[in-house]
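Enquirer: how would this look folded up:
(2 chains)
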Amino acid sequence: MARKNRNPVGKNVDPEAQKKKTRTLTLKSSDGQEFSISESAAVLSIAIENMVEDDCAGGVIPLPLVDGGTLARVITYLNKHAEDGASDEEKRKFDEEFVSGMEMGVLFDVVLAANYLDIRGLLREVRRRIADRMKNKSVEWVRKTFHIESDFTPEEEEQMKKEFAWAWEGVDSDVDD
Amino acid sequence: MELGDLPQEILIEIFSRLPPKSLGKCRCSAKLWLNLLSTPHFIKSHLTRKTHQEYLIVNTTFDPTYSISTIKDDSIWKTLPAGLGLRDQTHVVGSCDGLVLIVPEYFDKLLVNPITMQQLKIPNSPLALNRSESVTMHGFGYDSCSDDYKVVMLSYYDADNEHDSTFVDVYSVKRGVWKRVHNSPYDHPFNLADEVFNEISAPSGVNLRNFPLNKLVVRGECLCMIEYDRTDVWTMEEYGLKESWTKFGVHADNEYFIQRPLGWFGDEELVLVTKCVTLVVYNRTNGILRMVIKGDVLQPLDGCTFVESLVSPALISA
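Expert: Take a look at the predicted model:
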């Protein structure tokens, strides 16, 4: 998708960018909660940016696939990343802390919202975090954490353990937490 | 919200970041995941992520038999079972996408994924020259045009000093057939798609007398050449462009006389065999040389680096 250059090179302050900082949008979650957000933060979501550009917003942007709790988290992320003068290092640290406290279920909600709203950085960060937590975990951990019922028969299960014996070989040990 | 509720493209992105061993365990948790994580699409997506750890695989003369071991984090991770038919001296030819080509002196060649231990026997070419009278060299790689892995075999008769009858045979893993191609191979890299040799230029200033003894390896996407009996490492930064050869030297103490390279870990670390037949890794950025395995338990004959992947040689040929 082609993006417009919003920060033209040069010292002149772009009046359009200034306006975006002061203009606020209202985002409405699936459960009817409304959130105010500056346009400059909101358009870090490419999906919202498109809605604004197409002018189909009409003041309030409805987001029927994102619940209030998740939207509040996403807005926290967007505000930080739109903050004036926040260095890359600060943002990276923020991202780290932002996702570290989240439970798996919350991470899934956020990854789905980031996907729907097309927020690339957040999507990448959350996907990475989910994968990190799954690394070197036992089958039992995976089933318990993701509420999966095994649909293998005991015979199939035996067969699987044989076929995938390599997954338990070597010096790595399972981490169960 | 549960993991299974996420759209498939997000699931594939998440799982693509996991090491193969984690994925083996995930496959065992439910049929849905077994299916999702076994598709060629997923295996390819996992492969292209390029964040997975690289291993070293070496064959050794470690007493009393020949064996092949994989090495991870500077220690022996796994020794391949003897059941692979590795009863005689073998050569570890090279790797591509996590598949390693192993060529025993007298038995069938073997394509193996050392992580999953999936393997495929490659029959000898019906056109192969008589072993006792000929010299044979092998190469292995991926041809993206036909989405196929190919083994290239070069052979010539011992007595033939002129090298004017060198035979080039190519094996398609997908189709399971050998084919003889007619092309002159000397000092030319082989184009797997067109099955012809292309000429590339050597860097200026290398000793051409020792040229055939120089060893070629691949670093990332670049061709790399290490001069025989020297410590100069040449990299062709832009493939096919003579001017793009750049050089750096391995600064080794006398105790680590460098004999030959085995391959690269990523962009930075070059794995080398010393004249005392030990393994060392040279870090190009900080210039530090470290021993891979302490003590002399391993005497590597040859080997290569490979990336952990789920690519199955048996599935390609099926």
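
Enquirer: got the residues of chain A near chain B?
Expert: Residues of chain A that fall close to chain B, judged by C-beta under 8 Å from any C-beta of the partner chain: A:104-105, A:108-109, A:111-112, A:115, A:127-128, A:130-132, A:134-139, A:142-143, A:146-152, A:157, A:160-161, A:164, A:166-172. (Each C-beta comes from the backbone N, C-alpha and C, glycine too.)

Enquirer: How far off centre is stretch A:70-82?
Expert: On the basis of C-alpha atoms, centre = their mean, to the nearest Å, stretch A:70-82 sits 10 Å off its chain's mean C-alpha point.

Enquirer: Quick one: mean pLDDT for it?
Expert: For stretch A:70-82, mean pLDDT is 96.

Enquirer: what's the answer for stretch B:288-300, then?
Expert: Stretch B:288-300 comes out with an average pLDDT of 75.

Enquirer: What of stretch A:112-128?
Expert: 95.

Enquirer: surely B:Lys121 meets B:Leu110?
Expert: Yes - B:Lys121 lies in contact with B:Leu110 (C-beta atoms under 8 Å); the separation is 6.0 Å.

Enquirer: Between these two, tell me which one has more neighbours.
Expert: Neighbours were tallied for B:Lys121 and for B:Leu110 using other C-beta atoms under 10 Å in any protein chain shown; the higher tally belongs to B:Leu110 (21 against 14).

Enquirer: Next one: that one, what pLDDT does it get?
Expert: 89.

Enquirer: Could you look up the SS state of it?
Expert: Using DSSP: H, G, I helix; E, B strand; the rest coil, the structure places B:Leu110 in strand.

Enquirer: Report the separation between it and B:Ile68.
Expert: Counting by C-beta to C-beta, to the nearest Å, the gap between B:Leu110 and B:Ile68 amounts to 10 Å.

Enquirer: one step back: drop anything exposed from the residues of chain A next to chain B.
Expert: With burial judged by 16 or more other C-beta atoms under 10 Å in any protein chain shown, the buried subset of those is A:104, A:108-109, A:111-112, A:115, A:127-128, A:130-131, A:134, A:137-139, A:142-143, A:146, A:148, A:150, A:152, A:160, A:164, A:166-168.

Enquirer: Now, the residues you listed that are in helices?
Expert: Judged by DSSP state H, helices contain the following of these: A:104, A:108-109, A:111-112, A:115, A:127-128, A:130-131, A:134, A:139, A:142-143, A:160.

Enquirer: Could you give the bridge partners of the closest residue to B:Lys50 other than its chain neighbours?
Expert: Sequence neighbours aside, B:Val307 is the residue nearest to B:Lys50 in space, at 7.7 Å (criterion: C-beta to C-beta, 6 or more residues apart in numbering or on different chains). Beta bridges link B:Val307 to B:Glu54 when assigned by DSSP bridges.

Enquirer: how many other residues sit next to B:Val307?
Expert: 21.

Enquirer: how close does it sit to B:Tyr282?
Expert: Distance, B:Val307 to B:Tyr282, by C-beta to C-beta: 20 Å.

Enquirer: Need the pLDDT of the closest residue to chain B within chain A.
Expert: Nearest residue of chain A to chain B, counting by C-beta to the nearest C-beta: A:Ala167, 2.7 Å away. We have a pLDDT of 86 for A:Ala167.

Enquirer: Kindly report the same for B:Asp164.
Expert: 59.

Enquirer: Excluding covalently adjacent residues, which one is nearest to A:Thr26?
Expert: By the measure of C-beta to C-beta, 6+ apart, the closest residue to A:Thr26 outside its immediate chain neighbours is A:Val60, 4.6 Å from it.

Enquirer: which secondary structure elements does the strand or helix carrying B:Val273 contact?
Expert: Using DSSP states H and E, B:Val273 sits in strand B:269-274. The contact analysis (3 or more C-beta pairs under 8 Å, 6 or more residues apart in numbering or on different chains; DSSP states H and E) places strand B:269-274 against strand B:258-265, strand B:279-283, strand B:300-307.

Enquirer: Least confident of those, on average?
Expert: Ranked by mean pLDDT, the helices and strands packed on strand B:269-274 bottom out at strand B:258-265, with a mean of 83.

Enquirer: Can you get me the centre-to-centre distance for it and its chain?
Expert: Averaging C-alpha positions (C-alpha atoms, centre = their mean) puts strand B:258-265 12 Å from its chain's average.

Enquirer: list the helices and strands that strand packs on?
Expert: strand B:54-60, strand B:215-219, strand B:222-226, strand B:269-274, strand B:279-283, strand B:300-307.

Enquirer: Okay, buried residues for it please.
Expert: Residues of strand B:258-265 classed as buried: B:Ile258, B:Arg260, B:Pro261, B:Leu262, B:Gly263, B:Trp264, B:Phe265 (neighbour count, 16+ other C-beta under 10 Å).

Enquirer: Give me the neighbour count for B:Thr136.
Expert: 17.

Enquirer: Could you give the bridge partners of it?
Expert: Assessed by DSSP bridges, B:Thr136 has beta-bridge partners B:Ser155.

Enquirer: Can you verify my assumption that it contacts B:Val152?
Expert: No - if you go by C-beta under 8 Å, B:Thr136 and B:Val152 don't touch, sitting 10.9 Å apart.

Enquirer: Keeping just the C-alphas, turn the least confident helix or strand in chain A by mean pLDDT into PDB.
Expert: Ranked by mean pLDDT, DSSP states H and E, the weakest helix or strand in chain A is helix A:15-22, scoring a mean of 74. Only the C-alpha atoms of helix A:15-22 are listed here, as PDB (Å, rounded to 0.1, in the frame of the first residue of the first chain):
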ATOM      1  CA  PRO A  15       0.700  22.600   9.000                       C
ATOM      2  CA  GLU A  16      -1.200  19.400   8.100                       C
ATOM      3  CA  ALA A  17       0.800  17.400  10.700                       C
ATOM      4  CA  GLN A  18       0.200  20.100  13.300                       C
ATOM      5  CA  LYS A  19      -3.500  19.900  12.700                       C
ATOM      6  CA  LYS A  20      -3.500  16.100  13.100                       C
ATOM      7  CA  LYS A  21      -1.900  16.500  16.500                       C
ATOM      8  CA  THR A  22      -4.700  18.700  17.700                       C
END
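
Enquirer: What residues does the stretch 201-318 of chain B have near chain A?
Expert: On the criterion C-beta under 8 Å from any C-beta, chain A has no neighbours in the stretch 201-318 of chain B.
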